[in-house]
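K.L.:
sequence isn't available, so here's the structure alone:
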């Protein structure tokens, strides 16, 4: 039986598991301890993989901009110090002597949702995630579109407030700054310092002041989605990130988008991601399986 080991490497945690016959086994989550640097994270990843015994291929989903042809990190911020340039595939193939696939985390999540979750049945869809930032992936004919430099889908960089844009600050006035979960919490803390996370905010949604700021934040989400819909004309958009588990958000987004797009685009199906924090792992496992000559 073919065994695929999968990792999802983030700045906060590393998720891992083994897939045998399409079933997930021994799924775990451990702290990344990313502050210790990229070399440490690679050693930690090796240690986690060794704990699974033997396997036939490895699939890795990771933070940062990825060159999937080389399996290396094109660029990463300082959430994992020294990660830019890391040759993950080369390191892991040398260590385990099996094929290794490496992909950006949002692309991997889109692959997971496309094959096992909310993207099933749609050959062309967009995946947009709202968390610390705003991430995106473009799926065309069941394949991720990566762009000329492997970095397509940087939806967080959509300029939605040009009046707030400043030279030398690429994300000023952009979607990520205004529509991320981080942006929602910043708005809420300005209203009440005790509103430090999404859970607390939505527990108090019935309060007029809290609902008003949430509605304003949802408008920011809608601004970006309207642009994406008119550019790509997708049949479906999958919205991910923990905050999207709130039914109120999805309901309002669906209503407000349909009021803002041209009528011929209003059939777009906007739905919540189904796989939660397992999407990247499932996508990575699928990519790892694709490295084998079946």
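P.N.:
Sure, I can see it. Just so it is clear, the structure is predicted and the values come from calculations on it, not from any experiment.
K.L.:
so who does the most centrally placed residue in the chain touch?
P.N.:
Centroid-nearest residue in the chain, with CA atoms, centre = their mean: residue 106, separated by 3.1 Å. Residues near residue 106 by CB atoms under 8 Å, 6 or more residues apart in numbering: 127, 129, 135, 136, 137, 153. Just so you know, the C-beta spots here come from the backbone N, C-alpha and C atoms, and that holds for glycine as well.
K.L.:
ok, now which ones touch the third one?
P.N.:
With contacts defined as CB under 8 Å, 6+ apart, residue 135 is in contact with 105, 106, 128, 129, 153, 155, 156.
K.L.:
buried stuff in stretch 203-211?
P.N.:
With burial defined by 16 or more other CB atoms under 10 Å, the residues of stretch 203-211 counted as buried are 204, 210.
K.L.:
run through who's touching the longest helix along the chain.
P.N.:
Across the chain, the longest stretch assigned as helix under DSSP state H is helix 208-232. Contacts with helix 208-232, where a contact means CB under 8 Å, 6+ apart, come from 126, 128, 130, 134, 136, 138, 155, 158, 160, 175, 178-179, 183-184, 187-188, 191-192, 195, 201-202, 204-205, 234, 237, 248-249, 252-253, 256-257, 260-262, 265, 268, 270.
K.L.:
which residues of this structure fall in helices?
P.N.:
38-50, 88-96, 105-116, 175-179, 181-191, 198-203, 208-232, 247-260, 279-289.
K.L.:
using CSV, lay out those helices together with mean pLDDT and distance to residue 3.
P.N.:
Shown next, in CSV, are the helices of the chain (pLDDT from 0 to 100; distance: least, CB to CB, whole Å):
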stretch, mean pLDDT, distance to residue 3
helix 38-50, 97, 11
helix 88-96, 98, 12
helix 105-116, 94, 18
helix 175-179, 94, 37
helix 181-191, 95, 35
helix 198-203, 93, 37
helix 208-232, 97, 37
helix 247-260, 97, 36
helix 279-289, 93, 10
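K.L.:
tabulate the ones you listed (TSV), appending distance to residue 10.
P.N.:
Shown next, in TSV, are the helices of the chain (distance: least, CB to CB, whole Å):
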stretch	distance to residue 10
helix 38-50	10
helix 88-96	14
helix 105-116	7
helix 175-179	17
helix 181-191	15
helix 198-203	18
helix 208-232	22
helix 247-260	22
helix 279-289	8
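K.L.:
residue 27: which of those is closest?
P.N.:
For residue 27, the closest of these is helix 279-289, at 7.1 Å, according to CB to CB.
K.L.:
average pLDDT across stretch 16-33?
P.N.:
Per-residue pLDDT over stretch 16-33 has a mean of 88.
K.L.:
would you mark the buried spots in it?
P.N.:
16, 17, 18, 19, 32.
K.L.:
I'd guessed residue 92 sits against residue 46; true?
P.N.:
Yes: with contact defined as CB atoms under 8 Å, residue 92 reaches residue 46; the gap is 7.4 Å.
K.L.:
coming back round to it: in the buried residues of stretch 16-33, find the pair that's most separated.
P.N.:
It's 19 and 32 that sit farthest apart of the buried residues of stretch 16-33, by CB to CB, at 21.6 Å.
K.L.:
against residue 217, how distant is the residue lying closest to residue 205 once chain neighbours are set aside?
P.N.:
Distance criterion CB to CB, 6 or more residues apart in numbering; nearest residue to residue 205, sequence neighbours excluded, is residue 211 at 5.5 Å. Residue 211 sits 11 Å away from residue 217, going by CB to CB, to the nearest Å.
K.L.:
quick revisit: filter the buried residues of stretch 16-33 down to the ones in strands?
P.N.:
16, 17, 18, 19 (DSSP state E).
K.L.:
reformat those residues as JSON lines; add distance to residue 75.
P.N.:
As requested, those are exported to JSON lines (distance: CB to CB, whole Å):
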{"residue": "16", "distance to residue 75": "24"}
{"residue": "17", "distance to residue 75": "27"}
{"residue": "18", "distance to residue 75": "30"}
{"residue": "19", "distance to residue 75": "29"}
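K.L.:
quick one, domains of this structure?
P.N.:
3-105+277-289, 118-273 (automatic domain parsing).
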